[in-house]
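>>> Predicted model, plus sequence, below.
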Amino acid sequence: MKLAKWLVPVAIAIVAGSMFGITQTTAKEGDQTVIAGGLDNPRGIKMGPDGMLYVAEAGTGGTIDVGELGTSGLSGRITKINPTTGAKTVLVDELPSNELDAEIGDAVGPADVGFIGSKLYYLQTHGGEVYGFPDTPTGIYEVKADGTTELVADIGEYNLANVPPAIEDGSQEDIEPGGNPYSMVVKNNVFYVVDANHNRVLRVTPSGDISITAQFADHPVPTGITFRASGGPFYVSSLGVFPFLDDDGNVYSASTSGNIAETADGMGSLIDVEVGPGDNLYALSFATQNPSGDPAPWNFFSGRIGKVNADGSITPVVEGLSFPGGMLFVGDTAYITNNGLSALAPGEIVKIVNFSQQSVAAATATPATQPTTAPVATATRPVGITAPDTGSGGYGDSDGTPIVAILVLLAAVVALGTGGTVAARRGGK
């Protein structure tokens, strides 16, 4: 399937969706609004101690030719958004951004943000010399008040020196030099970073010390990470493997001693997991898989939020999101980076109030109006039918033409099934 073959149907679907209202998320009328737009591939989102939202924008690549890794440029940025007025302030721009295919708009760059006290930090993916940024490696950076950044931890260098077993023995091809750190969380003034390419959780101190907290077997493509304030393990979402069936998306628990256990499944292409109202876990799905692959491998407007149940199942409570990149809960309000892959429409922040009252079964009212359109999912270097590969989900045709991807997660983020893979980078941010 050539790229041009499905770009036209995608555009038609977007126009039709706008006309007939199918681009809206399923939520009770008046509970859901778009509070900010005009974002470039938004991924991770956090609320700062000042009550403002902070968003990592992966950017749109640039004009630096880095061969089979695409093109790079300084189009990434970190943006502050007022959750009440939607006013945006760019805190730091001209951050590294790497784009594999300009026609599709796949970009990987700033992936997530976090705070220790009042200090803001961001997570940079696809940095380093191989991507055209010799002075800006993949890692964690502190954002200064004057808009400059300072490297805290060089995750890219650590990953190159400490490859996971699957890459070391050759069973997983390493197509993302330096890894794909996709999201991070702060616990006890320490960063915990999920790497979707190296399938592990890293512990990173503010002084730059890096160690492995948990190493996943095989290639589940871990994406999001969270923990309960009351204690206990981390919870990690995984994208799953091609064709991203519901049973292949998982939420895992991961202890600081390295023990990993499956907590829930039943929703595919998971890109984030967060603790929400009532101390419940909620998982964010990038999209549902379209088995036919026509016009694209994912169904448009099919991003979902699901509640993780005690029996290990996941129940959808919000549907109709457009390739979301990350989510955040503040009390009973959810914030989602929608159009997290914004090739055909700018990224936006969707706000859902009274979240605990949401129910797909009960949501029969007309959805709130929002200017949402569907971007094409990101693409990365497809390898056809080969041994397990890395990335975050994707699709390719027989002659190697990249079609779509997720990390990013992600934005942008995969080993894609027994006996063969189609690689992609994203979440995904």
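That came through fine.

>>> How far does stretch 239-254 stretch from one end to the other?
Using CA to CA, to the nearest Å, the end-to-end distance of stretch 239-254 comes to 16 Å.

>>> okay, now the nearest residue to residue 281 once chain neighbours are set aside: neighbour count?
In this structure, residue 281 finds its nearest non-sequential neighbour in residue 308, 3.8 Å apart by CB to CB, 6 or more residues apart in numbering. C-beta coordinates here come from the backbone N, C-alpha and C atoms, glycine included. Residue 308: 24 surrounding residues under other CB atoms under 10 Å.

>>> residues in contact with residue 308?
Going by CB atoms under 8 Å, 6 or more residues apart in numbering, residue 308 touches 251, 263, 264, 273, 280, 281, 282, 283, 314.

>>> Work out for me the element the second one sits within.
Yep, that's residue 263 we're talking about. strand 260-265 (DSSP states H and E).

>>> residues of that strand that come out buried?
Going by neighbour count (16 or more other CB atoms under 10 Å), the buried part of strand 260-265 is 260, 263, 264, 265.

>>> Throw these into TSV and include pLDDT and distance to residue 163, thanks.
As requested, these are exported to TSV (pLDDT from 0 to 100; distance: CB to CB, whole Å):
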residue	pLDDT	distance to residue 163
260	97	19
263	95	27
264	95	29
265	93	28
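
>>> wait, which of those residues is closest to residue 353?
Closest approach between the buried residues of strand 260-265 and residue 353, by CB to CB: residue 264, at 25.5 Å.

>>> Could you point out which residue ranges in the stretch 151-300 of the chain have low pLDDT?
293, 295 (pLDDT under 70).

>>> ok, which stretches of it are helices?
In the stretch 151-300 of the chain, the segments counted as helices under DSSP state H, counting those that start in this stretch are 155-161, 165-168.

>>> name the helices or strands packed onto the longest one?
The one in question is helix 155-161. If contacts are counted by 3 or more CB pairs under 8 Å, 6 or more residues apart in numbering; DSSP states H and E, helix 155-161 sits against strand 139-143, strand 190-195, strand 200-204.

>>> Between strand 200-204 and the second one, find me the angle.
The reference is to strand 190-195. 150 degrees (axes from the mean of the first three to the mean of the last three CA atoms, to 10 degrees).

>>> For strand 190-195, name the packing helices and strands.
Where contact means 3+ CB pairs under 8 Å, 6+ apart, strand 190-195 is packed against helix 155-161, strand 181-187, strand 200-204, strand 222-227.

>>> Which among the ones you listed is found nearest to residue 332?
Once these are compared by CB to CB, strand 222-227 is nearest, at 17.0 Å.

>>> Show me how far that closest one is from its chain's centre.
10 Å (CA atoms, centre = their mean, to the nearest Å).

>>> I figured residue 108 hits residue 76, correct?
No. Contact criterion CB atoms under 8 Å: residue 108 and residue 76 do not qualify, at 9.0 Å.

>>> what's around residue 224, how many residues?
Using other CB under 10 Å, the number of residues around residue 224 comes to 32.

>>> For it, list the residues it contacts.
Taking CB under 8 Å, 6+ apart, we find residue 224 in contact with 182-183, 194, 236-237, 270-274, 283-284, 326, 427.

>>> Excluding chain neighbours, what is closest to it?
Residue 224 sits nearest to residue 272 (CB to CB, 6+ apart), 3.5 Å away.

>>> give the contact list for residue 330.
Residues near residue 330 by CB under 8 Å, 6+ apart: 47, 83.

>>> same thing but 7 Å
By CB atoms under 7 Å, 6 or more residues apart in numbering, the contact list for residue 330 reads residue 47.

>>> what's across from it in the sheet?
Taking DSSP bridges as the rule, residue 330 bridges to residue 333.

>>> swap in residue 315?
For residue 315, the beta-bridge partners are residue 307 (DSSP bridges).

>>> Next one: it from residue 323, what distance?
Separation of residue 315 from residue 323 (CB to CB, to the nearest Å): 21 Å.

>>> ditto for residue 60
Separation of residue 60 from residue 323 (CB to CB): 15 Å.

>>> Of those two, which one has the most company?
Counted by other CB under 10 Å, residue 60 and residue 323 do not tie: residue 323 has more neighbours, with 37 against 20.

>>> Which of the helices of the stretch 151-300 of the chain sits closest to residue 354?
Across the helices of the stretch 151-300 of the chain, closest to residue 354 is helix 155-161 (CB to CB), at 38.3 Å.

>>> which SSE is residue 359 in?
Short version, using DSSP H and E: residue 359 is in no helix or strand.

>>> Going by secondary structure, the closest residue to it other than its chain neighbours is in what exactly?
Nearest residue to residue 359, sequence neighbours excluded (CB to CB, 6+ apart): residue 317, at 5.9 Å. Element membership for residue 317 (DSSP H and E) is strand 314-321.

>>> Flag every buried residue along stretch 236-256.
So, applying 16+ other CB under 10 Å, buried residues of stretch 236-256: 236-246, 248-254, 256.

>>> if I look at residue 339, how far off is residue 66?
Separation of residue 339 from residue 66 (CB to CB) stands at 26 Å.

>>> Tell me which of the two has more neighbours.
Neighbours per residue (other CB under 10 Å) separate residue 339 from residue 66, with residue 339 holding more: 30 against 19.

>>> Check the gap between the more buried one and residue 283 for me.
As judged by CB to CB, residue 339 and residue 283 stand 19 Å apart.

>>> How about residue 190?
On the measure of CB to CB, residue 190 and residue 283 end up 24 Å apart.

>>> neighbour count winner among these two?
residue 283 (30 against 15).

>>> surely the more buried one meets residue 246?
No. Residue 283 is beyond contact range of residue 246, at 11.2 Å (criterion: CB atoms under 7 Å).

>>> Many thanks, we can stop here.
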